[in-house]
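Participant: model this:
(one chain, ligands or ions: 1)
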Amino acid sequence: MSVDNTAKHPIPPGFEDALLKPADYTRMYDESIRDPDAFWAREGRRIDWIHPYSVVKNTDFTFGKVSIKWFEDGILNVSVNCIDRHLPTKAEQTAIIFEPDDPKATARHITYAELSEKVNRFANVLLSQGVMRGDRVVIYMPMIPEAAYAMLACARIGAVHSVVFAGFSPDALANRINDCGAKLVITADTAPRGGRRTPLKSNTDAALLHCSDRVRCLVVKHTGDQTTWIEGRDVDVLKLMDEVSPDCPPRPMNAEDPLFILYTSGSTGRPKGVVHTTGGYLVYAAMTHKYVFDYKDGDIFWCTADVGWVTGHSYIVYGPLANGATTLMFEGVPTWPDAGRFWEVCDKHRVTQFYTAPTAIRSLMGQGPEWVDRHDLSSLRVLGTVGEPINPEAWVWYDKHVGKGRCPIVDTFWQTETGGHMITSIPGAIETKPGSATLPFFGVKPEVLDPASGQIIEGNGVEGVLAIADSWPGQMRTLWGDHQRFMEAYFQQYPGYYFTGDGCRRDEDGYYWITGRVDDVINVSGHRMGTAEVESALVAHEKVAEAAVVGFPHQIKGQGIYAYVTLMNGVEPSDDLKRELETWVRTEIGPIAKPDLIQWAPGLPKTRSGKIMRRILRKIAEDDFGSLGDTSTLADPGVVDELIENRMNRA
Ligand code: WT7
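Facilitator: Down below sits the predicted model:
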């Protein structure tokens, strides 16, 4: 199927009373770029401040002295904004709908009044364990309301949370606990997903073997499954919550105090601890959530991401709750018990905005539209996608079968580092094109740069790398404990800009099309993975001498992981060894990092100075070796023929 994706899809009928109309977008965007101080001085007031700010923007992208501050003298508390301020009008409104993994189990509706009580109690539990303002708390939890309580409880007392995705291994968890120096880790006994159970507590036990023995472990007994218990270290959270006071005064925080750290993959070495702060982040998460999804009171908002990723932070917890919304938390997976699960949940809870990843759409598309057609999706108003470029075929399927042609699709381009949407359409205001993220959000000034010279490429119908010329409130502030690495990773290559790491095209209409990462980061099922991380996991195995990892196009996942492995002298390659290496990577990092294809490589293509030529490895993995380019600088050009001969991905 080939799709015409050059023509704009008009805004569907029914969006005449959307929050933003085309003229509003143009007017507000222009102001946000022309006079960011005035624009954000006004927009900052969409949240409540204990002491209002007098300074709005104070940012500098100059390499060597990068500094980003927003609303810097403002004082506020995030949990007050997400809970307390809604109590006078919305105490009995549902804040969180919890839909469990098992469709036969009952869903839970948590009102703002209940959310308030739970978060206050949870915050008092944290205080009782000696957690203080500025302390780090790692959260390793299933997709259950207690994960949101834990995040908001940290925010209430000024502790900095770092949520670690429950799919990560004990080693990955230990590295994160140690990197941020967490005082405490919050987990659950086990996490049901797709009918199976992830042993979170025993993973945490394994992780804590590599951490200081002062780290405490709070356990939410969610399934009641048996776990080991270490007296003096392990704490039963739910039991303690019943014992402590239901009131915990919120800690007044400075706008620039850190709210959370979230680890993400970069092109080199160990994961980076992205730091987001309090004021600017919340303003940006709330504003994007409201406008990009056209969120109105009474709507039911469902973002299918996990709270372990930034999408879950900004669009399950902070953005929706700051707006007094009803947000749905889903514990399960799209394809269990069957491929109709998403649509069943949309129908059951009368979901109005549905936000998911292209990989999920592609896998459900493969199961046929019958699974969608079986359910009543008339409540849906806006559809969203995030995480990777969406191929036009999947876009058209989503539009036709899920949205029935009535729901605008917002393709939201953003990153862990950006805190919220950067380039995205807006229902009622921006017409769409299948596969394009369309236009920048307020305050975002994208530039297409020439990758080699770093010069701005003006005009439309151009392609290059995507950089952002000025700061916006949701931007990350630093990398935890390593401001130098922060500057080097994002501000050095193209001086004066924040560099996204993505390639992009600006078409004849000025619409942006993200073409994918231009660094050694790959995107597997919307999960970001550093090829260097997978390589270091592989070479940590005693039988592996060397490894090189690249991405390759994958029908469902977007990109798959392709590993070239050179074994130690005397080690015989075998299928058993392949399986051993797969399991090894799963335990070193987590299931999402498991290589899809492993090729035994007696040698890797290297320059005479010993640098692996990844360009060539990418081509072979793509099964596109007709255009290998110049191989004359290779130390031993013969290895390339051998690799082509035994390539694993054949059309
Ligand atoms: C990378 C960031 C924050 C969202 C979840 C992923 C890719 C993200 C899109 C989109 C094309 C996209 C980019 C980006 N990406 N959204 N709508 N269209 N590409 O966050 O793990 O920090 O990954 O995801 O390559 O750099 P992340």
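
Participant: what's the closest residue to the ligand within the stretch 1-150 of the chain in contact with, if anything?
Facilitator: Taking CB to the nearest ligand atom, the ligand has its nearest neighbour within the stretch 1-150 of the chain at Asn5, 13.6 Å off. All C-beta spots, glycine's among them, are computed from the backbone N, C-alpha and C. With contact set as CB atoms under 8 Å, 6 or more residues apart in numbering, Asn5 has these partners: 392, 395, 433-436.

Participant: with Arg108 instead?
Facilitator: Contacts of Arg108 by CB under 8 Å, 6+ apart are 96-98, 100, 145.

Participant: pull the most distant pair out of those.
Facilitator: Maximum pairwise distance among the contacts of Arg108 (CB to CB): 12.7 Å, between Ile96 and Pro100.

Participant: just to revisit the earlier point, quick check on the contacts of Asn5: which are buried?
Facilitator: By neighbour count, with 16 or more other CB atoms under 10 Å, the contacts of Asn5 hold 392, 395, 433-436 as buried.

Participant: which bits of the stretch 201-350 of the chain sit near the ligand?
Facilitator: The stretch 201-350 of the chain comes close to the ligand at residues 264, 310-311, as judged by CB under 6 Å from any ligand atom.

Participant: would you turn the residues you listed into a markdown table with neighbour count, secondary structure and pLDDT?
Facilitator: Shown next, in a markdown table, are these (neighbours: other CB atoms under 10 Å; DSSP: H, G, I helix; E, B strand; the rest coil; pLDDT from 0 to 100):
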| residue | neighbour count | secondary structure | pLDDT |
| --- | --- | --- | --- |
| Thr264 | 19 | strand | 95 |
| Val310 | 26 | helix | 98 |
| Thr311 | 24 | helix | 98 |
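
Participant: how about the residues of this protein by the ligand?
Facilitator: Close to the ligand, as judged by CB under 6 Å from any ligand atom, the chain has residues 264, 310-311, 386-389, 411-416, 437, 500-502, 514, 517, 523, 528.

Participant: which of these fall in helices?
Facilitator: Residues of these located in helices (DSSP state H): 310-311.

Participant: inside strands: which ones of the residues of the chain next to the ligand?
Facilitator: 264, 386, 411-412, 500-502, 514, 517, 523, 528 (DSSP state E).

Participant: relative to Glu508, which of those is nearest.
Facilitator: Ile514 (17.0 Å).

Participant: what bridges to the closest one?
Facilitator: Under DSSP bridges, the beta-bridge partners of Ile514 are Cys504.

Participant: hang on, Glu344 packs against His375?
Facilitator: Yes - using CB atoms under 8 Å, Glu344 is in contact with His375, at 5.7 Å.

Participant: convert the C-alpha atoms of stretch 297-310 to PDB, please.
Facilitator: Output of stretch 297-310 as PDB, limited to C-alpha atoms (Å, rounded to 0.1, in the frame of the first residue of the first chain):
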ATOM      1  CA  ASP A 297     -13.100  19.000  31.900                       C
ATOM      2  CA  GLY A 298     -15.000  15.700  31.800                       C
ATOM      3  CA  ASP A 299     -12.700  14.000  29.300                       C
ATOM      4  CA  ILE A 300     -11.000  10.700  30.000                       C
ATOM      5  CA  PHE A 301      -7.400  10.700  29.000                       C
ATOM      6  CA  TRP A 302      -5.400   7.600  28.300                       C
ATOM      7  CA  CYS A 303      -1.700   7.500  27.600                       C
ATOM      8  CA  THR A 304      -0.600   3.900  27.200                       C
ATOM      9  CA  ALA A 305       3.100   4.500  28.100                       C
ATOM     10  CA  ASP A 306       4.700   3.200  31.200                       C
ATOM     11  CA  VAL A 307       5.500   5.500  34.100                       C
ATOM     12  CA  GLY A 308       9.100   4.300  33.700                       C
ATOM     13  CA  TRP A 309       9.500   6.500  30.600                       C
ATOM     14  CA  VAL A 310       9.200  10.300  30.300                       C
END
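
Participant: buried ones in stretch 164-183?
Facilitator: 164-177, 179-180, 182-183.

Participant: share the number of residues neighbouring the closest residue to Leu259 other than its chain neighbours, please.
Facilitator: In this structure, Leu259 finds its nearest non-sequential neighbour in Thr278, 4.8 Å apart by CB to CB, 6 or more residues apart in numbering. Neighbour count of Thr278, defined by other CB atoms under 10 Å: 25.

Participant: make 558 the first number, not 1, from now on.
Facilitator: Right, with 558 as the first residue, what we last looked at is Thr835.

Participant: gap between Thr835 and Thr1057?
Facilitator: Separation of Thr835 from Thr1057 (CB to CB, to the nearest Å) stands at 24 Å.
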